[in-house]
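*Asks:* Just the structure for this:
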Amino acid sequence: MSYDAQFRVWRGDIEGGELKDYTVEVKEGEVVLDIIHRLQQTQTPDLAVRWNCKAGKCGSCSAEINGRPRLLCMTRMSTFEETDVITVTPMRTFPVMRDLVTDVSFNYKKAREIPSFTPPPNLKPGEYRMQQVDVERSQEFRKCIECFLCQNTCHVVRDHEENKESFAGPRYLMRIAELEMHPLDVADRRNDAQEEHGLGLCNITKCCTEVCPEHIKITDNALIPMKERVADKKYDPIVWLGNKLFRR
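*Replies:* Presented below is the predicted three-dimensional model:
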């Protein structure tokens, strides 16, 4: 069973571009990435798209479908009506390289700015011991496939290019929270999260959680708890008094 669908795909590069219309065959059980591949095979072989696993695990095929950040390989054609016009555009937050491929190097730069896991200095590799109950809270964050859909949809950088220098984005604020919650990480990351990585710019709209293909509760389980830890350190009077006494 098949039908002809109307696709509108963005074509261009960093200099500019436009949406172009295509009529393309859709077969039962297909996803949007299948249709993009069919366009390459039958009508426009120079259409650029980034992809790898086609199983929702590599995070490569991120784009925007009808304005919503999604993985091309995890968006089933059966979710649309046969009469729908399906618009596919590159992620808006990042510079376009060509067609549906964007330059996501911003994210790798932010990843390098975060200090790595810091175990106690007296522990050697192979001596790490922890209880499962102590790591359960942060284990959820390890599901991240780095598709950068959360980074793309976050309005702090999506609508404000000037914030990119000072804001790490939800994916890497989640990484900081993961390390801060780790039972064997001894680094205090609260001040850096606020002062160096822009935690205060996040106003917890949960848009990052809504687009996460791994269903990680980024806002509720990472960003809000991290904000609470920062607030405790900076504003809790008991913590303030303890710090004063400790310094003496």
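*Asks:* Every contact and neighbour count from this point should use C-alpha atoms.
*Replies:* Will do.
*Asks:* got the contact list for Val230?
*Replies:* 190-191, 194 (CA atoms under 8 Å, 6 or more residues apart in numbering).
*Asks:* And it, how close does it get to Ile218?
*Replies:* Separation of Val230 from Ile218 (CA to CA, to the nearest Å) stands at 17 Å.
*Asks:* Next: Cys150.
*Replies:* From Cys150 to Ile218 the distance is 9 Å (CA to CA).
*Asks:* hey, what's in contact with both of these two?
*Replies:* 170, 208-209.
*Asks:* who wins for most neighbours among the residues you listed?
*Replies:* Highest neighbour count within these, by other CA atoms under 10 Å: Pro170, with 29 neighbours.
*Asks:* ok, for Cys150, nearest residue in space, not its chain neighbours?
*Replies:* Cys208 (4.3 Å; CA to CA, 6 or more residues apart in numbering).
*Asks:* Report pLDDT for Trp115.
*Replies:* Residue 115: Pro, not Trp. With respect to pLDDT, Pro115 scores 93.
*Asks:* can you give me the helices in this protein?
*Replies:* 32-42, 105-112, 132-139, 149-153, 155-158, 170-181, 190-195, 207-211, 218, 224-235, 237-247 (DSSP state H).
*Asks:* In a markdown table, list those helices along with mean pLDDT and distance to Leu123.
*Replies:* Shown next, in a markdown table, are those (pLDDT from 0 to 100; distance: least, CA to CA, whole Å):
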| stretch | mean pLDDT | distance to Leu123 |
| --- | --- | --- |
| helix 32-42 | 98 | 47 |
| helix 105-112 | 97 | 24 |
| helix 132-139 | 84 | 18 |
| helix 149-153 | 98 | 35 |
| helix 155-158 | 96 | 39 |
| helix 170-181 | 96 | 17 |
| helix 190-195 | 94 | 23 |
| helix 207-211 | 97 | 36 |
| helix 218 | 97 | 31 |
| helix 224-235 | 90 | 26 |
| helix 237-247 | 73 | 25 |
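*Asks:* Which one, of these, ends up nearest to Gly59?
*Replies:* helix 149-153 (8.8 Å; CA to CA).
*Asks:* Alpha carbons of the closest one, in PDB - could you do that?
*Replies:* What follows is helix 149-153, C-alpha atoms only, in PDB (Å, rounded to 0.1, in the frame of the first residue of the first chain):
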ATOM      1  CA  LEU A 149      17.400  18.500  19.900                       C
ATOM      2  CA  CYS A 150      17.300  19.900  23.400                       C
ATOM      3  CA  GLN A 151      20.000  22.400  22.500                       C
ATOM      4  CA  ASN A 152      18.200  23.300  19.400                       C
ATOM      5  CA  THR A 153      14.800  23.900  21.000                       C
END
